[in-house]
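# curious how this folds, go ahead:
(one chain, ligands or ions: 2)
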Amino acid sequence: MDKIRQISSELRDWIISTLNNGVSPVAIADAMIKKGFDPKFAYEALFRIVGNESIKTSETNLNTYQSELPEIGKKGNVITTTDREVKVLSRVEKPFILHLDHVLSIEECDELINLSKDRLQPSRIVDPTTGEEKVAPGRTSKGMHYTIRENALITTIENRIAGLTDFPVENGEGLQVLNYDIGEEYKQHFDYFPPNKVDHDKGGQRVGTFLIYLNDVIEGGETVFPKAGVSIVPKKGSAVYFHYGNSKEQVDRMSVHSSVPIVKGEKWVATKWIRQGKIY
Ligand SMILES: O=C(O)CCC(=O)C(=O)O
Ligand SMILES: [Fe+2]
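Ligands and ions are numbered 1, 2, ... in the order given. A predicted model of the protein is given here:
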């Protein structure tokens, strides 16, 4: 079979974010070669990316993503669920980002932190060579995952997210809780899977992220969307929803984001990654 000698802009972005997260270029080149890339091409492409040189990608138009408004974006500025009224604080169309107030009550935030704090482990990223999760310098927070409907509070939160987004609970991965201390961060990344990691038997691609802020951060710790020029300041009980996948299985590279280092205080968030179909 002929070896691959061109790179998509999606793969280029994925390589950049993987490098940012501290994975070695050699490990990335190995992963590319395993996937059928020409070894010389893989090393040259990586060399150029590491050296910040421009590279030619296979798409002629870099902005091919066609945005589709998610259901949550059609509900106006006050969204009513079965157990809550949620106000929209701010809205961006491209990439699609909504900042929502009072998604969780103060008590619910505190309860979730309390339930999670004894189960924290160093956060991990997916190693491109082995596909296994590993600790990396670009992601210095600690975190843990719940299983779906693990307890009464998780079930309430999952039902509320489903009511707000109209995505069934079964499209959501287990809720992840993260804790960042001073200096800790999550460098620029995409939440969607690299194209070769999409599992169509498990709901397919990730299309949106529902991120809930569980405390106020004294300084730092914003969620930054650099291509949108947007920075969300954590506010206890508020949440940000961003949407980056469409029905054509395209993903929006504008959704790149980071959690900037904590300067003072600490940060607690809960993340629900939502896939296009049912996972379970
Ligand atoms: O902590 C944040 O603000 C961002 C977290 C994040 O990007 C993620 O969990 O995917
Ligand atoms: Fe993220």
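
# next one: the helix or strand hosting Leu19 to chain centre, how far?
Here Leu19 sits within helix 9-20, counting by DSSP states H and E. Put simply, helix 9-20 sits 14 Å off its chain's centre (Cα atoms, centre = their mean, to the nearest Å).

# who does it touch, helix- and strand-wise?
In terms of contacts (3 or more Cβ pairs under 8 Å, 6 or more residues apart in numbering; DSSP states H and E), helix 9-20 is packed against helix 25-34, helix 39-50, strand 186-189. From N, CA and C alone the C-beta is placed, and that goes for glycine too.

# can I get the CA coordinates of it in PDB?
Coordinates of each C-alpha in helix 9-20 appear next as PDB, following Å, rounded to 0.1, in the frame of the first residue of the first chain:
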ATOM      1  CA  SER A   9      -5.200  20.600   8.900                       C
ATOM      2  CA  GLU A  10      -7.000  18.600  11.600                       C
ATOM      3  CA  LEU A  11      -4.100  16.300  12.000                       C
ATOM      4  CA  ARG A  12      -1.700  19.300  12.000                       C
ATOM      5  CA  ASP A  13      -3.800  20.900  14.900                       C
ATOM      6  CA  TRP A  14      -3.800  17.600  16.800                       C
ATOM      7  CA  ILE A  15       0.000  17.300  16.500                       C
ATOM      8  CA  ILE A  16       0.400  20.900  17.800                       C
ATOM      9  CA  SER A  17      -1.800  20.300  20.800                       C
ATOM     10  CA  THR A  18      -0.200  17.000  21.500                       C
ATOM     11  CA  LEU A  19       3.200  18.600  21.400                       C
ATOM     12  CA  ASN A  20       1.900  21.400  23.700                       C
END
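
# give me the angle between it and helix 39-50.
Counting by axes from the mean of the first three to the mean of the last three Cα atoms, to 10 degrees, helix 9-20 points 70 degrees away from the direction of helix 39-50.
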